[in-house]
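> What would the 3D arrangement of this be:
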Amino acid sequence: MGIFGAAGWYWYAGMQVREQAITVGRRACADSGLQFLDETVALSRARFARNGSGQLQFQRDYRFEFSDTGNNRRPGIVRMLGTRVEWISLRMDQPRWRLAAGPRGPRQPAGRMIGDRAVPPRVARSSSALLLFDFQDGQTDLLA
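Residues are numbered from 1 along each chain as shown. Purely as a prediction, here's the structure:
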């Protein structure tokens, strides 16, 4: 009976996080003047990861598609750690790199510090840029 309870909890928690990822993806696209396609996200990766306090939580990557012209499809990713958004990427030219910040801080040199918080390097807005967002206080701010 305990196994069914754990499976039910995992499914229910996953659905709540998925709904949050849809909302965040939609808002990031709207803030960038992009079209969020299909109004859905798909779980592409789930694993355990440590948060800033060292506690194990589920880390989930959700993929979605957006369009910058209305005539194409481009990939986007929302990474969630527990119920918190870690980062989101809107890939304009499909580069193969990830945001440097991890659960214990930057793994690579950060662009700058604001107070005690590392901010990723700024990325120019162009058709070949990777747009990065900051999720401080539940608000999306384009870092560029």
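> hey, where'd the strands end up in this structure?
Per DSSP state E, the chain carries strands over the ranges 35-36, 42-50, 56-67, 74-81, 84-91, 101-102, 105-106, 112-114, 117-119, 130-136, 139-142.
> Tell me the spacing between residue 80 and residue 33.
Residue 80 is 24 Å from residue 33, where distance means C-beta to C-beta, to the nearest Å. Where you see a C-beta, it was placed from the backbone N, CA and C, and this is true even at glycine.
> For the two, indicate the residue with more neighbours.
A side-by-side neighbour count of residue 80 and residue 33, using other C-beta atoms under 10 Å, places residue 80 first with 25 against 7.
> and the gap between residue 84 and residue 70?
With distances taken as C-beta to C-beta, residue 84 is found 32 Å from residue 70.
> Just the CA trace of stretch 33-45, in PDB.
Taking Å, rounded to 0.1, in the frame of the first residue of the first chain, the C-alpha atoms of stretch 33-45 are listed here in PDB:
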ATOM      1  CA  GLY A  33       7.500  38.700 -27.700                       C
ATOM      2  CA  LEU A  34       7.500  35.100 -28.700                       C
ATOM      3  CA  GLN A  35       4.600  32.600 -29.300                       C
ATOM      4  CA  PHE A  36       4.400  29.700 -26.800                       C
ATOM      5  CA  LEU A  37       3.300  26.800 -29.000                       C
ATOM      6  CA  ASP A  38       0.900  23.900 -28.100                       C
ATOM      7  CA  GLU A  39       0.200  25.300 -24.600                       C
ATOM      8  CA  THR A  40       2.100  22.400 -23.100                       C
ATOM      9  CA  VAL A  41       5.500  21.100 -21.800                       C
ATOM     10  CA  ALA A  42       6.900  17.600 -21.900                       C
ATOM     11  CA  LEU A  43       9.000  16.100 -19.100                       C
ATOM     12  CA  SER A  44      12.400  15.200 -20.700                       C
ATOM     13  CA  ARG A  45      14.500  14.500 -17.600                       C
END
